[in-house]
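**Q** what would the 3D arrangement of this be:
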Amino acid sequence: MLADVELVAVLSGAACVAGLLLTVVALVGTRRPPARPGAGRGLDRLWKGSGATPRKQREHQALLVGALVAGALAFLVTGLPVVGLLVAVAVPGTPWLFSVGKAEQRAIARIEAVGEWTRRLKDVSATGQGLQQTIIGTVTTAPEEIQEEVRLLAARLQAGWLARSALLAFADEIGDPVCDQVVAALILHVTDRGERLGDVLGSIAHAAAAEVATRREIEAKRTQPRFAVRFLTGMTLATVAYGLLNTEYISPYGTPSGQLVMAALGAAFVGLLAWVRSMSQPRRPARFLPAPDPQEVLA
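**A** Numbers count the residues shown, from 1 in each chain. Next up is the predicted model:
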């Protein structure tokens, strides 16, 4: 009889954790193109996450499974459902909080790579080659941070895409106004066959270097709030771990009203961490180029 009760408790805890995870993922969402409504697509999006590669999707799935298992175990050890929910949220939330700043560092590295690629475009274009051959000629020497995007751009041009559509798709994949400037100059060159493309690309490359220097200076000033995010996250994990090891520490929350208080405090603290993290993140720079028109892809 006791074993049956424990089994029911574990299953109930797992169900509660799964429900919370579904709610959090549904509310937070991911940056993906809008999809047609449907339960099947929604579940598939939840399971695979926003990762663009199979490796990132597997990491997302491992986090979901780990959150379910950790939340169920925490509920089984403490007998408190809110503890199980908080532990389940901590499993995917901890990497998200500790990774603060990595996205901006990657964006800066990509801007620097775009500037370097622009200088190479300038050098190759000075030989008198056409734009398509110039871009194809930079594939092997493109910086690693944008090599895949440059290779895809060259492949699209070779497959017969309109130069404008291929360049707009390239800018959309990079997603930064500095790259928009490069693409705009290339599109104007394709349109009017104007001269002095090398001078324009050189100016943009110089501006990209200045942009990188400015962003790195700003990034250095954000170290303090980001340290606060990591410190608060570490303290939270230590508190949760202590509560799991010493159930007397959280015994006052064993009543229904205590569980409500714990849920309110936990939600407030998670919200505080998310707010502090958002303060340390820069605003996404506004772009000025549109996405490519699917109806105008092939020549």
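**Q** now for residue 292, how many residues are close by?
**A** Per other C-beta atoms under 10 Å, the neighbour tally for residue 292 reads 20. For glycine as for every other residue, the C-beta is placed from the backbone atoms N, C-alpha and C.
**Q** from residue 212, how far off is it?
**A** Per C-beta to C-beta, to the nearest Å, residue 292 is found 27 Å from residue 212.
**Q** same question, residue 103
**A** Distance, residue 103 to residue 212, using C-beta to C-beta: 16 Å.
**Q** between these two, who's got more neighbours?
**A** Set residue 103 next to residue 212 and count neighbours by other C-beta under 10 Å: residue 212 wins out with 19 against 12.
**Q** please, which helix or strand holds the nearest residue to that one once chain neighbours are set aside?
**A** In this structure, residue 212 finds its nearest non-sequential neighbour in residue 112, 4.8 Å apart by C-beta to C-beta, 6 or more residues apart in numbering. Remark: residue 112 resides in helix 102-125, with elements defined by DSSP states H and E.
**Q** quick one, helices of the stretch 151-299 of the chain?
**A** With DSSP state H, counting those that start in this stretch, the ranges of helices along the stretch 151-299 of the chain come out as 163-174, 177-192, 197-221, 223-245, 256-279.
**Q** who touches the third one?
**A** It refers to helix 197-221. By C-beta atoms under 8 Å, 6 or more residues apart in numbering, the residues outside helix 197-221 that reach it are 101, 104-105, 107-108, 111-112, 114-116, 118-119, 121-122, 125-126, 178, 181-182, 185-186, 189, 282.
**Q** if we use 6 Å, what do you get?
**A** 104, 108, 111-112, 114-115, 118-119, 121-122, 125-126, 178, 181-182, 185, 189 (C-beta atoms under 6 Å, 6 or more residues apart in numbering).
**Q** swap in the last one?
**A** The contact list for helix 256-279, computed with C-beta under 6 Å, 6+ apart, reads 82, 86, 97, 100, 225, 228-229, 232, 252-253.
**Q** how does it look with 8 Å?
**A** Applying C-beta under 8 Å, 6+ apart, the external contacts of helix 256-279 come out as 80-83, 85-86, 89, 93, 97, 100, 225, 228-229, 232-233, 236, 250, 252-253.
**Q** which positions within it qualify as buried?
**A** Buried residues in helix 256-279, counted by 16 or more other C-beta atoms under 10 Å: 259, 262, 266, 270, 273, 276-277.
**Q** now, of the contacts of helix 256-279, which are buried?
**A** 80-83, 85-86, 89, 93, 97, 100, 225, 228-229, 232-233, 236, 250, 253.
**Q** residue contacts, the residue nearest the centre of the chain?
**A** Nearest to the mean C-alpha position of the chain, by C-alpha atoms, centre = their mean, lies residue 103 at 6.8 Å. Residue 103 makes contact with residue 281, according to C-beta under 8 Å, 6+ apart.
**Q** with the one 3 residues further on instead?
**A** Neighbour list for residue 106: residue 145 [criterion: C-beta under 8 Å, 6+ apart].
**Q** sounds good, over and out.
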